[in-house]
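K.L.:
Have a look at this prediction, sequence included:
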Amino acid sequence: MAILEIRNVTRRFGNLKAVDDVSLSIEAGEFFTLLGPSGCGKTTLLRMIAGFDEPDQGALFLEGRPLAGIPPEKRPVHTVFQSYALFPHMSVAQNIAFPLRMAGKDEDEIRRRLKETLELVHLSDKAQHFPHELSGGQKQRVALARGLINKPRLLLLDEPLGALDAKLREQMEGELIALQREVGITFVFVTHSQQEALALSHRIAVMNEGRIEQVDRPEQIYGYPKNRFVADFIGTINLLPVEVCEATHGHLRLAVAGLGEIIAPALAGVKAGERGMFALRPEQVRVSARHEAQELHNHYHGKVRDYLYLGDVTVYKVELDNGVLLEALLANSAPGRAKFFEIGDTLGVGWRHDSGVYLRD
Amino acid sequence: MRRNVWLWAASLAVYAFLYVPLAVVVLFSFNDSLLNAQWVGFTTRWYSKLIDNDEMLRAAANSLFIALVASSVATVLGTMAGIAMQRWPHGLTRFLPFLVLTPVAMPEILLGVSLLLFFRQVLDLTLGLFSILVAHITFSLGFVAIIVRARLAGMDESIFEAARDLGASPWRTFRHVTFPLILPGILAGFLMSFTLSIDDFVITFFVAGVGVTTLPLQIYSMIKVAVSPEVNAVSTLLMALTLTLIALASRLAPDTLKGRG
Ligand SMILES: Nc1ncnc2c1ncn2[C@@H]1O[C@H](COP(=O)(O)OP(=O)(O)O)[C@@H](O)[C@H]1O
Ligand SMILES: [Mg+2]
């Protein structure tokens, strides 16, 4: 049974539907991520789970019991706030022990659990420090420890890595995964960063304008986006407008203006004659010097228009013969080289017939 | 460089303008002469004379009592108003800042007259200790509310939600988080109210009636005769008390009181 069930929840602010008929079911022990651009309603949804806000329509159930009317302090749900929200007048130890004190645990238990939790987040030597004496990463770990110490059924995390610099964020991502695995508590994580969502989550719900666009495992979200919004929001992707010529169980035949027909993976329910988009990841595009043999079904010629060196990879912008622009990504396995091709080089461009997805309009 | 010199001269003039009269009062309170005209010699006898002046002592006791009670009540009410103003900026409490701050900004003489009319015409109250207390609470409350609200406004609001989220009821959130954090503001507000109350002349003059005298009223009735060295002495003491309290208050709430008072 799902630990948290969100059933047709809607929350309005005036005319705006901040959360629009959202239904989700989150399993025990999951690292679940709400991913979406800023303003899409993630925080609003989280606040309804925590109990700071109530839905206008629909209902939430925690372990089968309705949450309506239960105040935040009575819900076994804790939150890690983006601003950390540490109590400035309390030491690290007092901050972390706060939930235990409020729950009326005895001093022995508080001391023991505090020691364990401080070790869990590597802050044993900072117990007597005050929040203003800590670095961003340390504050983050105090907030996490404080949220975890009283073993909530759910831990909600609202963009907890947003305030950290890139290097520290990467390190905290690793720590978060390890921590969640170790404590086994269900995490509901909110972010607008697709990279964070892909790296951390068991499952991702992509949100847009208050609605859920797709819920799936990271590799499914990335590999098989359900619609144009998801495809565009997650990573970079080439989008070509197409018309369906033939739809069989094995494949789709799609007509691309000026390019002719391409073969794409089959998709249930697609009918010949409809229009949509063909989406192809840059790393699925193969580029090679013109004279090399091309055995790929979808195979064209193009010219290098531009390139972007990113260290580990280089992204080439290639213009096909008919003017269609495609991005292709090539790993830089040979160090000290920013590119394999020069601007203006003529290339062979292709992709496998089972690469890419057709997106209906 | 040249501009700096002028700036310095200007500020010196301002400070002189403000503080020379006060310094003169302090100086002549130690002058061994009945006339406030020229320096004769050092003495503390005007201070010892104060101790033997029963009327003066009674007025001082009244002032202290009024200041203590009025500022305590104003602190409790003002703190609640300050919290409400910060927490509910919409709805009916939207008007609260206006209501609370009006007595602060209103000319004292207007407040004095309107309170007098209110006590006499509307409530038909006998003027005295009680009416003075109510009047002092009225004008102090706003100051406390401003200071407490300023303190809350400087804080990340999510810490109060965090407390609730982590298992604290609204009351325990107040006790363990809100109260300790605004305590310096509350104390500063109390000290401000105390000084306002103990120094107030205009409003007290209107609502005191005949029975009760406070220190400022007593000083006023004495200088109607002549500015005696005794008045200088009691003024010096009052000044010392006020300065101490204001210094304390501005240490407790530097953000709100800097450069004011
Ligand atoms: N208390 C509120 N009153 C009015 N509008 C709000 C309120 N809270 C959020 N909104 C609006 O609801 C939308 C969703 O906000 P939010 O849930 O904070 O988005 P996210 O966390 O995804 O960035 C935004 O357009 C925001 O302006
Ligand atoms: Mg948000």
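P.N.:
Cool, got the structure. Ligands and ions are numbered 1, 2, ... in the order given.
K.L.:
When you work out contacts or count neighbours from here on, use the C-alpha atoms and nothing else.
P.N.:
OK.
K.L.:
partners of the closest residue to residue A:332 other than its chain neighbours in the sheet?
P.N.:
Nearest non-adjacent residue to residue A:332, counting by C-alpha to C-alpha, 6 or more residues apart in numbering or on different chains: residue A:313, 5.1 Å away. Counting by DSSP bridges, residue A:313 forms beta bridges with residue A:331.
K.L.:
contacting residues around residue A:313?
P.N.:
A:329-332 (C-alpha atoms under 8 Å, 6 or more residues apart in numbering or on different chains).
K.L.:
From chain B, how far out is it?
P.N.:
Distance of residue A:313 to chain B, given as C-alpha to the nearest C-alpha, to the nearest Å: 41 Å.
K.L.:
how near is that residue to residue A:339?
P.N.:
9 Å (C-alpha to C-alpha, to the nearest Å).
K.L.:
Overlap of the contact sets of the two?
P.N.:
Both residue A:313 and residue A:339 are in contact with residue A:332, where contact means C-alpha under 8 Å, 6+ apart.
K.L.:
By mean pLDDT, which helix or strand of chain A comes out lowest?
P.N.:
Across the helices and strands of chain A, mean pLDDT, DSSP states H and E gives its lowest value to strand A:286-289, namely a mean of 84.
K.L.:
what's downstream of that strand, the next helix or strand?
P.N.:
strand A:298-309 (DSSP states H and E).
K.L.:
Now do the end-to-end distance for stretch A:245-262.
P.N.:
Counting by C-alpha to C-alpha, the terminal residues of stretch A:245-262 are separated by 10 Å.
K.L.:
Can you give me the buried ones in that stretch?
P.N.:
Counting neighbours by 16 or more other C-alpha atoms under 10 Å in any protein chain shown, one finds that the buried residues in stretch A:245-262 are A:245-247, A:252-256, A:261-262.
K.L.:
for chain A, what are the nearby residues on the stretch 51-200 of chain B?
P.N.:
For the stretch 51-200 of chain B, the residues in contact with chain A (C-alpha under 8 Å from any C-alpha of the partner chain) are B:156, B:158-159, B:161-162, B:164-169, B:177, B:180-181.
K.L.:
Please list only the buried members of the contacts of residue A:313.
P.N.:
A:329-330, A:332.
K.L.:
Adding pLDDT and distance to residue A:188, write those residues out as a markdown table.
P.N.:
What follows is those, written out as a markdown table (pLDDT from 0 to 100; distance: C-alpha to C-alpha, whole Å):
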| residue | pLDDT | distance to residue A:188 |
| --- | --- | --- |
| A:329 | 89 | 33 |
| A:330 | 86 | 35 |
| A:332 | 79 | 36 |
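K.L.:
ok, of these, which one's closest to ligand 1?
P.N.:
For these, the residue nearest ligand 1 by C-alpha to the nearest ligand atom is residue A:329; the value is 30.8 Å.
K.L.:
And the next helix or strand past the stretch of helix or strand that closest one belongs to?
P.N.:
Using DSSP H and E, residue A:329 maps to strand A:325-331. Using DSSP H and E, the helix or strand that follows strand A:325-331 towards the C-terminus is strand A:346-351.
K.L.:
Any buried residues in whatever helix or strand comes next after that following strand, and which?
P.N.:
As assigned by DSSP H and E, the chain's next helix or strand after strand A:346-351 is strand A:357-360. For strand A:357-360, burial by neighbour count (16+ other C-alpha under 10 Å) applies to A:357-359.
K.L.:
Give the rounded mean pLDDT of strand A:357-360.
P.N.:
For strand A:357-360, mean pLDDT is 90.
K.L.:
Partner strands of that strand, with direction?
P.N.:
Sheet pairing for strand A:357-360, using DSSP bridges, gives strand A:275-280 (antiparallel).
K.L.:
So which residues make contact with the strand it pairs with?
P.N.:
Taking C-alpha under 8 Å, 6+ apart as the rule, strand A:275-280 contacts A:228, A:231, A:237-244, A:355-361.
K.L.:
again, only using 10 Å
P.N.:
A:223-225, A:227-228, A:231-232, A:236-245, A:254-256, A:262, A:264, A:326-328, A:351, A:355-361 (C-alpha atoms under 10 Å, 6 or more residues apart in numbering or on different chains).
K.L.:
Buried subset of those, written for ChimeraX?
P.N.:
This is the ChimeraX syntax for the buried subset of the contacts of strand A:275-280, where burial follows 16+ other C-alpha under 10 Å:
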select /A:223,224,225,227,228,231,237,238,239,240,241,242,243,244,245,254,255,256,262,264,326,327,328,351,355,356,357,358,359
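K.L.:
Mind putting the buried residues of strand A:357-360 into CSV with distance to ligand 1?
P.N.:
Shown next, in CSV, are the buried residues of strand A:357-360 (distance: C-alpha to the nearest ligand atom, whole Å):
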residue, distance to ligand 1
A:357, 27
A:358, 28
A:359, 25
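K.L.:
Return the residues in contact with residue 137.
P.N.:
Going with chain A. Contacts of residue A:137 (C-alpha under 10 Å, 6+ apart): A:143, A:161, A:163-165, A:168-169, A:171-172.
K.L.:
The intended chain is chain B.
P.N.:
So residue B:137 contacts B:66-67, B:69-75, B:77-78, B:131, B:193, B:197 (C-alpha under 10 Å, 6+ apart).
K.L.:
Residue A:357 too?
P.N.:
Residue A:357 sits in contact with A:223-227, A:231, A:239, A:252, A:264-267, A:277-281, where contact means C-alpha under 10 Å, 6+ apart.
K.L.:
what's the closest non-adjacent residue to whatever residue of the stretch 101-250 of chain A ends up closest to ligand 1?
P.N.:
Nearest residue of the stretch 101-250 of chain A to ligand 1 (C-alpha to the nearest ligand atom) works out as residue A:210 at 7.2 Å. Excluding its sequence neighbours, the residue lying closest to residue A:210 (C-alpha to C-alpha, 6+ apart) is residue A:19, at 4.0 Å.
K.L.:
Would you agree that neighbour falls within a helix?
P.N.:
No. Under the criterion used here (DSSP: H, G, I helix; E, B strand; the rest coil), residue A:19 is strand, not part of a helix.
K.L.:
quick one, what contacts it?
P.N.:
Listed by C-alpha under 10 Å, 6+ apart, the contact set of residue A:19 reads A:8-13, A:40-45, A:55-57, A:207-212.
K.L.:
same thing with residue B:188?
P.N.:
Neighbours of residue B:188 in contact, by C-alpha under 10 Å, 6+ apart: B:75, B:143-144, B:147-148, B:182, B:194, B:245-254, B:256-257.
K.L.:
Derive a PyMOL selection command for the buried subset of those.
P.N.:
Buried residues among these (16+ other C-alpha under 10 Å), as a PyMOL selection:
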select buried, chain B and resi 75+143+144+147+148+182+194+245+246+247+248+249+250+252+253+254+256+257
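K.L.:
in a strand, that's where residue A:241 is, yeah?
P.N.:
Yes. With three-state DSSP as the criterion, residue A:241 is assigned to a strand.
K.L.:
Identify the residue spatially nearest to residue 144, adjacent ones excluded.
P.N.:
Here I'm looking at chain A. residue A:80 (6.2 Å).
K.L.:
Chain B, not that one
P.N.:
Excluding its sequence neighbours, the residue lying closest to residue B:144 (C-alpha to C-alpha, 6+ apart) is residue B:189, at 4.3 Å.
K.L.:
Please apply the same query to residue A:207.
P.N.:
Closest to residue A:207 by C-alpha to C-alpha, 6+ apart is residue A:36, at 4.8 Å.
K.L.:
and the two most separated of the buried residues of stretch A:245-262?
P.N.:
Spanning the widest gap among the buried residues of stretch A:245-262 are A:247 and A:256, at 15.0 Å by C-alpha to C-alpha.
K.L.:
need the helices for the stretch 51-200 of chain B, in chain order.
P.N.:
Using DSSP state H, counting those that start in this stretch, the helices assigned to the stretch 51-200 of chain B run over residues B:54-87, B:96-105, B:108-117, B:129-153, B:158-165, B:170-173, B:179-199.
K.L.:
so where's the chain uncertain?
P.N.:
This is for chain A. A:290-294, A:335-336, A:338 (pLDDT under 70).
K.L.:
hmm, I had chain B in mind actually
P.N.:
Ranges of chain B meeting pLDDT under 70: B:1-2, B:254-261.
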